[in-house]
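Participant: My questions concern the predicted model and sequence given below.
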Amino acid sequence: MDPTTFVLFGATGDLAKRKIYPALYNLFVDQKLPESFSLIGLGRREWTDESFQANVEQSLRMFSRREPDDSASMQKFLSAFRYSVLDIGRKEDYQKLLQLVEQREEELRISPNRLFYLSVGPEFFETIAANIGESGLGSADGWKRLVIEKPFGHDLQSARDLNQKLSKDFTEEEIFRIDHYLGKPMVQKLEILQQSNPVIHALWTNRYIANVQITANETVGVEERAGYYDHVGAVRDMFQNHMLQLLMMLTIHLPNNSSSERVRFKKKKVMEDLEPIEKQNVAANIIRAQYKAGTIQGKPVIGYTSEPGIADSSMNDTFIAARLQIDDFFWRGVPFYIRTGKRMKEKSTRIVIEFKEPLKSSQADEDSKVPNLLVFEISPNEGITLQLNTRDPHHKGEFTPINIDFHTSRDDVPEAYENLIFDALHGDPTFFAHWDEVELSWKWVQPVLEAFEENLVPLHLYAAGTYGPAESDALLAEDGYHWWFDAKPEQEIELKEGEQYVYHKNN
Ligand SMILES: NC(=O)C1=CN([C@@H]2O[C@H](COP(=O)(O)OP(=O)(O)OC[C@H]3O[C@@H](n4cnc5c(N)ncnc54)[C@H](OP(=O)(O)O)[C@@H]3O)[C@@H](O)[C@H]2O)C=CC1
Ligand SMILES: O=C1O[C@H](COP(=O)(O)O)[C@@H](O)[C@H](O)[C@H]1O
């Protein structure tokens with residue numbers, strides 16, 4: 001891997017502490033960092049190299065999936081870290097930064113490959129990119145990359161404006177837009193599973209699939225992010241980016257060993273074929289809702305409008321459920337149901353593929369058959385389950401669903417940020433959002449934003465600790481379907497040998 005200088009804007013912030021340092025540490029332990037690696041942390045806080053390193057070490061103790069030890073290797077890891085005070089708006093700070101970067105490159109005798117990671121609010125992206133260009137930081141004789149966090153724009157126009165501004169100093173190939181869902185190991189497996197398994201490849205069509213359900217439920221509420229969340233809602237916070245990325249990753253058809261260009265070309269194609277929803281039809285296909293007080297895992301929680309920093313009159317969506325259609329050869333006629341919400345009954349991100357039922361015979365026991373399901377558990381647990389019908393040996397008259405299961409322990413699985421930072425260091429753009437995808441996602445979502453804004457869509461309420469409003473169930477019932485729920489019942493049941501959990505349809 002090329003020697004690299006990792007320039008981190010927002011080094012004193014929450015994301016750096018919770019995600020970026022632990023990811024770098026785990027890559028270091030796995031020997032996946034470049035042999036010559038240097039990190040320069042930036043922020044307004046008057047930290048020194050020593051206090052910065054101490055903060056990084058502390059964040060590893062709190063957030064790393066691996067217990068850091070006090071050995072020489074920990075010191076080796078931390079010795080790559082330097083800190084410089086920088087105010088994003090002060091041009092002279094970029095000159096000071098340039099000197100430090102060059103000094104470190106000389107000390108380490110490395111070529112000037114520079115990765116600029118913007119772990120700061122989106123209002124700073126444009127200024128930083130321009131100052132990197134102006135200061136000469138971006139014009140050395142090596143490669144440069146810009147890694148940016150979401151949100152990428154607030155709507156279609158603002159996203160276009162931002163992209164145009166960034167393009168003045170960075171080419172599309174140099175911009176790595178993070179969507180951390182693309183870093184989740186199971187999401188990365190979707191592409192491989194389909195490419196490398198004829199069984200899955202063959203089934204990936206409207207001939208066999210009845211509907212697809214993509215869910216990202218969270219138990220947390222707005223947390224300390226009222227100022228941000230009340231302006232974005234579930235539609236911008238989760239749906240426009242993470243949920244549509246899941247849809248793209250699931251539905252692309254790829255030949256073996258596809259290049260990153262091919263993957264991105266196919267994703268773009270999915271977005272182009274996604275049937276647009278006119279503003280007047282949003283209400284018929286999209287449910288928006290907001291949580292009210294309720295109980296989660298036995299604890300009472302307050303409603304959204306009682307959260308600190310949220311106005312009593314807020315009409316913000318904390319839940320969205322949508323029905324989408326992809327108008328192409330493979331997916332025409334298959335409804336895709338997507339839902340995401342805060343303060344739901346359980347934390348779970350999963351994709352359920354419901355297969356069409358075979359022709360029913362006239363046997364009396366046909367009703368006990370359940371549809372075949374292929375379930376991708378993305379988080380918090382990772383797994384793949386195939387639900388099939390068989391006969392219960394003790395009750396020979398009835399069909400019984402059985403699950404073929406693969407599950408991995410959470411500790412064995414790399415964090416999304418590990419995968420993404422590794423790819424960015426390698427210059428592999430496959431699991432980053434290309435501008436075309438971002439633009440097409442905003443284009444699709446724009447009428448939804450407008451319909452919400454103009455109150456053309458009712459805002460339903462749901463009790464915290466449920467699976468959302470009844471209208472979300474009704475959306476599927478219109479087509480004769482229902483949401484599939486967790487295989488595990490709420491109360492852990494001790495299973496006898498040979499027994500297993502199955503997916504069920506009731507809340
Ligand atoms: N936290 C998370 O889990 C997630 C965050 N994100 C995104 O990541 C980005 C960072 O979020 P987060 O870390 O939570 O934010 P924080 O508010 O915790 O940190 C912001 C960082 O920006 C720096 N900063 C702010 N203003 C300036 C300035 N004028 N000059 C220099 N540095 C400045 C701060 O440094 P200092 O105070 O020292 O100046 C701090 O390091 C945001 O875009 C957010 O949307 C995305 C997904 C998840
Ligand atoms: O980007 C975001 O994602 C998190 C959910 O991420 P997950 O990996 O825990 O599923 C969400 O809580 C947050 O509001 C949103 O900004």
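Facilitator: Yes, it's here. Numbering: from 1, shown residues only. Ligands and ions are numbered 1, 2, ... in the order given.
Participant: Spatially nearest residue to the closest residue to ligand 1 within the chain, not counting backbone neighbours?
Facilitator: Residue nearest to ligand 1 within the chain: G13 (2.4 Å; CB to the nearest ligand atom). C-beta: built from backbone N, CA, C; applies to glycine. Counting by CB to CB, 6 or more residues apart in numbering, G13 lies nearest to S119, which is 5.8 Å off, once chain neighbours are set aside.
Participant: Is the one you found in contact with I20, as I believe?
Facilitator: Yes - under the criterion of CB atoms under 8 Å, S119 lies in contact with I20, with a separation of 6.3 Å.
Participant: my read: L27 touches L33, true?
Facilitator: Yes - taking CB under 8 Å as the definition, L27 is a contact partner of L33 at 5.0 Å.
Participant: Around ligand 1, pick out the residues from this protein.
Facilitator: By the rule CB under 6 Å from any ligand atom, the part of the chain lying against ligand 1 is 10-15, 18, 43-45, 86-88, 119-122, 149-150.
Participant: Report pLDDT for the closest residue to ligand 2 within the chain.
Facilitator: In the chain, no residue comes nearer to ligand 2 than D237, which is 4.8 Å away by CB to the nearest ligand atom. Reported pLDDT at D237 in the predicted model: 97.
Participant: just Q164 next, same as before
Facilitator: Turning to Q164, the model gives it a pLDDT of 97.
Participant: for the helix or strand containing it, which positions count as buried?
Facilitator: In this structure, Q164 sits in helix 156-166 according to DSSP states H and E. Of the residues in helix 156-166, those buried by neighbour count under the rule 16 or more other CB atoms under 10 Å are L156, A159, R160, L162, N163, L166.
Participant: Enumerate every residue touching the last one.
Facilitator: Put plainly, it is L166. Taking CB atoms under 8 Å, 6 or more residues apart in numbering as the contact definition, L166 lies against F125, E126, A129, L146, I148, I175.
Participant: Would you tell me what the next helix or strand after the helix or strand hosting the third one is?
Facilitator: Just to be clear, that refers to A129. Using DSSP H and E, A129 sits within helix 125-135. Scanning forward in sequence from helix 125-135, with DSSP H and E defining helices and strands, the next element found is strand 144-148.
Participant: now the angle between helix 125-135 and that following strand, please.
Facilitator: Between the direction of strand 144-148 and that of helix 125-135, the angle (axes from the mean of the first three to the mean of the last three CA atoms, to 10 degrees) works out to 160 degrees.
Participant: Would you tell me whether strand 144-148 gets close to ligand 2?
Facilitator: No - interface with ligand 2: strand 144-148 contributes nothing (CB under 6 Å from any ligand atom), its closest point being 13.5 Å away.
Participant: mean confidence score for that strand?
Facilitator: Averaging pLDDT along strand 144-148 yields 98.
Participant: Using CSV, write down the CA coordinates of that strand.
Facilitator: These are the backbone C-alpha positions of strand 144-148, laid out as CSV (Å, rounded to 0.1, in the frame of the first residue of the first chain):
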residue,chain,number,x,y,z
LYS,A,144,-4.7,13.2,-3.1
ARG,A,145,-8.1,12.0,-1.9
LEU,A,146,-11.0,13.7,-0.2
VAL,A,147,-13.1,11.6,2.2
ILE,A,148,-16.3,13.2,3.2
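Participant: contacts for that strand?
Facilitator: Residues external to strand 144-148 that are found in contact with it (CB under 8 Å, 6+ apart): 113-118, 125, 129, 132, 138, 166, 170, 174-178, 424, 427.
Participant: how about a cut-off of 7 Å?
Facilitator: By CB atoms under 7 Å, 6 or more residues apart in numbering, the residues outside strand 144-148 that reach it are 114-118, 125, 129, 138, 170, 174-178, 424, 427.
Participant: Which ones among those residues map onto strands?
Facilitator: Secondary-structure check on these using DSSP state E: residues within strands are R114, L115, F116, Y117, L118, I175, F176, R177.
Participant: list the contacts for the second one?
Facilitator: When contacts are counted by CB under 7 Å, 6+ apart, L115 is found next to T4, F6, V7, R145, V147, A424, L425.
Participant: run the last query once more with 10 Å
Facilitator: With contact set as CB atoms under 10 Å, 6 or more residues apart in numbering, L115 has these partners: 2, 4-8, 39, 143-147, 174, 176, 421, 424-425, 427.
Participant: So the closest residue to L246 other than its chain neighbours: helix, strand or coil?
Facilitator: Sequence neighbours aside, I214 is the residue nearest to L246 in space, at 5.2 Å (criterion: CB to CB, 6+ apart). With DSSP: H, G, I helix; E, B strand; the rest coil as the basis, the three-state label of I214 is strand.
Participant: Hmm, I338 and I214 touching each other?
Facilitator: Yes - proximity of I214 to I338 meets the contact threshold set by CB atoms under 10 Å, at 4.7 Å.
Participant: which neighbours do these two share?
Facilitator: Residues touching both I214 and I338 (CB under 10 Å, 6+ apart): M243, L244, L246, L247, A322, L324, I351.
Participant: that older thread, out of the ones in strands among the contacts of strand 144-148, which is most surrounded?
Facilitator: Y117 (26 neighbours; other CB atoms under 10 Å).
Participant: So which residues of the stretch 251-400 of the chain form helices?
Facilitator: In the stretch 251-400 of the chain, the segments counted as helices under DSSP state H, counting those that start in this stretch are 260-273, 282-285.
Participant: Not counting the last one itself, show me its contacts.
Facilitator: Applying CB under 10 Å, 6+ apart, the external contacts of helix 282-285 come out as 275, 277-278, 288, 321-325, 335, 447-452, 454, 456-458, 475, 478.
Participant: still on that earlier bit, for the contacts of strand 144-148, name the two members farthest from one another.
Facilitator: Spatially, the most separated pair among the contacts of strand 144-148 is F125 and G427, at 20.3 Å (CB to CB).
Participant: Those two: which has the busier surroundings?
Facilitator: Neighbours were counted for F125 and for G427 using other CB under 10 Å; F125 has more, 21 against 16.
Participant: List the contacts of that one.
Facilitator: With contacts defined as CB under 10 Å, 6+ apart, the neighbours of F125 are F9, I88, L118, L146, I148, E149, F152, G153, L162, K165, L166.
Participant: what's the distance between the closest residue to K32 other than its chain neighbours and V120?
Facilitator: Take K32 and drop its neighbours on the chain: the residue closest to it by CB to CB, 6+ apart is F422, 5.5 Å away. If you measure F422 against V120 using CB to CB, to the nearest Å, the figure is 22 Å.
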